[in-house]
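Undergrad: Provided below are the primary sequence and the corresponding predicted coordinates.
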Amino acid sequence: MRRMKRNRKYIYIFILLGSALVFILLVRGTEAAYSYNSYGRRDPFVPLVGVVRGGTAGGALSIFSIDDAVLQGIVTNLDGSLSAIINGEIMKEGQMLGRLKVESVGNNVVKIKINEENFEIKLYEE
């Protein structure tokens, strides 16, 4: 009788571990490659800061030309002013970092100056 109870215990553990393994394999199998179409806008599922995307490696200090600048987002500060996220750096109007100076920040557009040359970059095309 005692041996039978012990065997049942092992059977239950075996069933539990087996079902956990099956569950893990099913969950991993359902992770299909999903591609979000942002239609020219920023992907809301990608963090604004901390993710290296094309042109953003090295932050704002690595900007030598307009081709190196990537506008990742525009955020509203607690005081109602706007800041731009450029190459992973949150920058306010008038702030300068390396060769880059933020002249003004709008709802969709940021005016910047790189090496004393003026540029306008948009978050998305309207």
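TA: Thanks, I have it.
Undergrad: quick check: Ser62 vs Glu93, distance?
TA: With distances taken as C-beta to C-beta, to the nearest Å, Ser62 is found 22 Å from Glu93. For every residue, glycine as well, the C-beta is placed using N, CA and C.
Undergrad: whoops, Pro47 was the one
TA: Pro47 is 23 Å from Glu93, by C-beta to C-beta.
Undergrad: any low-confidence regions in this protein?
TA: 1-5, 28-36, 38, 42, 45, 48-58, 126 (pLDDT under 70).
Undergrad: which parts of it are helices?
TA: 2-29 (DSSP state H).
Undergrad: Pro47 and Glu93: which is more packed in?
TA: Glu93 (15 against 10; other C-beta atoms under 10 Å).
Undergrad: and the more buried one, what does it touch?
TA: Ser81, Leu82, Ser83, Val102, Glu103, Ser104, Val105 (C-beta atoms under 8 Å, 6 or more residues apart in numbering).
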